[in-house]
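>>> Got a predicted structure plus its sequence, pasted below:
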Amino acid sequence: MSKNNFHIAVLSAMPEEISSLKNKLKNIQNFKLQNQEIISGIWKEELSHSNEIRITSSWSGWGKVNSAQAATKLIYLNQDFPKIDLLIFTGVAGSADNNLKQWDIVVGDALIQHDMDASPIFPKYVIPNINKSFFKPRKEVLKWTFESFKELENKICFKKVYSGTIATGDQFISDKENIISLKSEITNLLAVEMEGASVAQVCFNDNVPWLIVRVISDSANDNAVTDFNDFVSEYESKSWLIIQSLLKNINHLKLK
Ligand code: SAH
């Protein structure tokens, strides 16, 4: 099999969602762009293929502006590095569907900004200059992700893997009424969070393939805050497994 080198960017909102990745990298270079710390290194674990994988990674802080700015900085970080092949955003999210529970994985097959509303000039949710409400990752990326996640489903701490719509907004949702109203307007809505669709928009604008993967931390209801805090400390030590499962299977990612 021919050898390919990959450059994957991995972004999260919080340090807990990404910290365990650092131990998996060698030849680490550190960058600091104003308030954002970025690391870049080579995946050091055996992956049963000989591809060299550069990981450039950072956490953005919560919300659409933080995550859009962080994604942009990752994309333009260093002209000496090869171009980013794929930008992955991983982190936790509130469930927007009664069937989804903590530790279920949601792969976003459509991302929407639920707080974008320029009506009546544009239909609700449509982002004016690009005239789009949904961002969809490439089909080949989705297919590869599902293949890769087979080894995670119902293993270790993870439960089922779903794909569906993820809605993003500058709002922590802890109210069932809010979810009910979003679900009445957004088809196949499975999860709510605060960064995915803004990262998807940056990648769409800059023509970088992207993937948003969320692990359910809470049910976006009255218990959301308590559920969330208990969950995150455990998630911290497990989040790298999501990236590992994708990298193991990187030979099957068709981008070029
Ligand atoms: N630890 C915080 C909660 C953080 S929630 C507290 O309880 O004070 C904010 C982060 O988690 C964001 O990065 C967002 O993307 C994600 N998230 C998880 N559950 C969410 C929910 N119910 N609504 C919106 N964002 C949620």
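Perfect, thanks for sending it. Residues are numbered from 1 along each chain as shown.
>>> From now on I want contacts and neighbour counts done on CA atoms only, so please keep to that.
OK.
>>> Secondary structure element for A71, which one?
Assigned by DSSP states H and E, A71 falls within helix 64-75.
>>> in that helix, what counts as buried?
For helix 64-75, a neighbour-count test (16 or more other CA atoms under 10 Å) marks K64, V65, N66, S67, A68, A70, A71, L74, I75 as buried.
>>> Can you sort out which of those residues also neighbour the ligand?
Among the buried residues of helix 64-75, no residue is within reach of the ligand (CA under 6 Å from any ligand atom).
>>> Just put those in a markdown table and tack on distance to W210.
Listed next are the buried residues of helix 64-75 as a markdown table, based on distance: CA to CA, whole Å:
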| residue | distance to W210 |
| --- | --- |
| K64 | 16 |
| V65 | 18 |
| N66 | 17 |
| S67 | 14 |
| A68 | 13 |
| A70 | 14 |
| A71 | 11 |
| L74 | 13 |
| I75 | 11 |
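>>> returning to that earlier point: quick one: mean pLDDT over the helix holding A71.
Computed over helix 64-75, the mean pLDDT rounds to 98.
>>> swap in stretch 20-30?
On average, stretch 20-30 scores 94.
>>> And stretch 229-241, by the same measure?
Stretch 229-241 carries an average pLDDT of 88.
>>> Report the buried residues of that stretch.
Here stretch 229-241 shows F231, V232, Y235, E236, K238, S239, W240, L241 as buried, counting by 16+ other CA under 10 Å.
>>> got the CA positions of that stretch in CSV?
Written as CSV, here are the backbone C-alpha positions of stretch 229-241 (Å, rounded to 0.1, in the frame of the first residue of the first chain):
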residue,chain,number,x,y,z
ASN,A,229,-20.1,18.5,35.2
ASP,A,230,-20.0,14.8,36.2
PHE,A,231,-19.7,13.7,32.6
VAL,A,232,-16.9,16.0,31.5
SER,A,233,-14.3,14.8,34.1
GLU,A,234,-14.7,11.2,32.7
TYR,A,235,-14.8,12.3,29.1
GLU,A,236,-11.5,14.1,29.5
SER,A,237,-9.6,10.8,29.7
LYS,A,238,-11.5,9.2,26.8
SER,A,239,-11.8,11.9,24.1
TRP,A,240,-8.6,10.8,22.3
LEU,A,241,-10.2,7.4,21.5
